[in-house]
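Novice: the following block contains a protein sequence and its predicted model.
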Amino acid sequence: ARYRAGEGWYDARLTSYAPLQMDPATAALHYAQSIFEGLKAYAQPDGSVATFRPEANAARFVRGARRLAMPPVPEEAFLAAVDALVDADRDWVPTGPDQTLYLRPYQLATEPFLGVRPAHEYLFLVIASPAGAYFPRGVHPVSVYLSEDYIRAAPGGTGDVKCAGNYAASLLAQEQAIAAGCDQVVWLDAHEKRYVEEMGGMNLFFVLGTGADAELVTPELTGTLLPGITRDSLITVARERGHRVTERKFSVEEWRAGVADGTVTETFACGTAAVITPVGEVKARTGDFTVGDGTPGPLTMALRGHLLDIQHGRVPDTRGWLHRVA
Ligand code: PMP
């Protein structure tokens with residue numbers, strides 16, 4: 001759909017995938033007035049297709065639009081657009097183990113002008129692509145690099161919304177991580193570079209203790225990290241399984257000391273793409289350390305299996321998280 005100031009949203013339609021025509025002065029290309037979402041559609045055992053908590057993506061998209069001074073796409077319009085695309089692409093929803101149809105809604109300023117002000121014209125689009133299983137050869141821990149040179153988000157910035165600029169600003173740190181032999185960046189707080197915030201595109205959880213008494217800690221939402229929908233879902237699932245979950249500040253020292261004395265038994269990252277990724281090696285200027293023994297931890301794998309089972313309809317959806325589309 002398109003938006004023009006004074007007219008509102010118009011021209012909502014389903015079209016085949018094709019290049020966009022853009023004016024060279026298109027505002028989003030210069031000033032990054034651009035937000036996006038990521039969610040998935042899952043083939044269900046009864047032959048239907050469902051998306052997972054799309055209302056949460058719609059709400060986060062509205063918050064992102066406000067933060068970037070863009071007119072929000074009404075939540076019902078966002079949901080209707082996603083439904084229409086999944087329905088049209090029904091035959092592209094893979095049915096293999098842990099395969100999905102990835103959906104990418106996004107909104108960008110299309111008005112052509114040079115100058116810094118909110119645009120008067122926007123485009124809202126949803127594109128889709130089949131996505132294979134994230135770990136086709138078995139789940140294995142990733143190595144992470146603590147970013148000490150660069151900061152992802154500062155208080156009052158845009159760290160708690162999914163805007164394009166956040167990712168542009170993170171690429172150099174990701175290059176550093178790869179150069180240091182790591183898979184992913186872990187971001188720290190802007191003030192003290194002491195507290196863990198999140199991974200490149202995933203939220204983090206720390207497991208304290210073992211077995212039924214294991215507790216989970218995840219960095220609190222202070223405004224500088226993305227409120228992940230997977231994070232929120234896992235807090236609920238872990239509590240239902242009887243684990244205590246605390247949202248609080250968690251420092252690198254606490255992480256390192258906890259790994260050394262055995263109180264921190266597992267660490268994992270979570271997001272729509274991989275659901276849960278175990279974290280193994282941690283590289284930092286202040287000293288490297290390794291969580292666990294190189295294999296994914298038991299609670300990491302149990303929660304991963306539990307959430308995947310809900311998403312793929314292998315266990316009852318007791319919380320109404322699945323949204324039937326086709
Ligand atoms: N943090 C960042 C920076 C992300 O890009 C993502 C992916 N959207 C997440 C966390 C995880 O969010 P979600 O669980 O909603 O995919």
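Specialist: Perfect, thanks for sending it.
Novice: next one: the residue nearest to E220 when sequence neighbours are not counted from F124, what distance?
Specialist: Using C-beta to C-beta, 6 or more residues apart in numbering and skipping residues adjacent in sequence, the residue nearest E220 is E247, 4.3 Å away. Backbone N, C-alpha and C define where each C-beta goes, glycine included. E247 sits 32 Å away from F124 when distances are taken as C-beta to C-beta, to the nearest Å.
Novice: quick one, which of those two is more surrounded?
Specialist: F124 (23 against 14; other C-beta atoms under 10 Å).
Novice: hmm, back to that, what residues of the one helix or strand the residue nearest to E220 maps to count as buried?
Specialist: Element membership for E247, per DSSP states H and E: strand 245-248. For strand 245-248, a neighbour-count test (16 or more other C-beta atoms under 10 Å) marks V245 as buried.
Novice: for that strand, the distance to its chain's centre please.
Specialist: In terms of C-alpha atoms, centre = their mean, to the nearest Å, the centre of strand 245-248 is set 19 Å apart from its chain centre.
Novice: which elements pack onto the helix or strand that that strand is followed by?
Specialist: Remark: after strand 245-248, the chain's next helix or strand is helix 252-261, criterion DSSP H and E. Counting contacts by 3 or more C-beta pairs under 8 Å, 6 or more residues apart in numbering; DSSP states H and E, helix 252-261 packs against strand 203-208, strand 264-271, strand 289-290.
Novice: can you give me the helices for this structure?
Specialist: Under the criterion DSSP state H, the chain contains helices at 27-31, 54-67, 75-88, 164-168, 171-179, 229-240, 252-261, 298-311.
Novice: so what's the nearest residue to H312 once chain neighbours are set aside up against?
Specialist: Counting by C-beta to C-beta, 6+ apart, H312 lies nearest to Y42, which is 5.3 Å off, once chain neighbours are set aside. Residues in contact with Y42 (C-beta atoms under 8 Å, 6 or more residues apart in numbering) are 49-52, 93, 100, 311-313, 322.
Novice: with D46 instead?
Specialist: G313.
Novice: so how far is the ligand from it?
Specialist: Separation of D46 from the ligand (C-beta to the nearest ligand atom, to the nearest Å): 26 Å.
Novice: distance check, the residue nearest in space to the middle of the chain against S16.
Specialist: Per C-alpha atoms, centre = their mean, the C-alpha nearest to the average position across the chain is that of G271, at 4.4 Å. Relative to S16, G271 is positioned 29 Å away (C-beta to C-beta).
Novice: what do you get for V237?
Specialist: In terms of C-beta to C-beta, V237 sits 38 Å off from S16.
Novice: up against the ligand, what does this structure have?
Specialist: Within the chain, the positions adjacent to the ligand are 38, 162, 198, 201-203, 226, 228-231, 271-272 by C-beta under 6 Å from any ligand atom.
Novice: what is the most widely separated pair among these?
Specialist: The span of these, defined through C-beta to C-beta, is set by G38 and E198 at 14.8 Å.
Novice: of the two, which one has the most company?
Specialist: Higher neighbour count among G38 and E198: E198, with 25 against 16, using other C-beta under 10 Å.
Novice: contact partners for that one?
Specialist: Taking C-beta under 8 Å, 6+ apart as the test, what E198 contacts is 152, 186-187, 204, 219, 225-226, 228, 269.
Novice: could you redo those as a markdown table and give each row pLDDT, distance to G6 and neighbour count?
Specialist: Below are the contacts of E198 laid out as a markdown table (pLDDT from 0 to 100; distance: C-beta to C-beta, whole Å; neighbours: other C-beta atoms under 10 Å):
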| residue | pLDDT | distance to G6 | neighbour count |
| --- | --- | --- | --- |
| R152 | 94 | 36 | 25 |
| V186 | 98 | 45 | 27 |
| W187 | 98 | 40 | 25 |
| L204 | 98 | 44 | 25 |
| P219 | 98 | 42 | 22 |
| L225 | 98 | 36 | 23 |
| L226 | 98 | 33 | 22 |
| G228 | 98 | 36 | 23 |
| A269 | 98 | 44 | 26 |
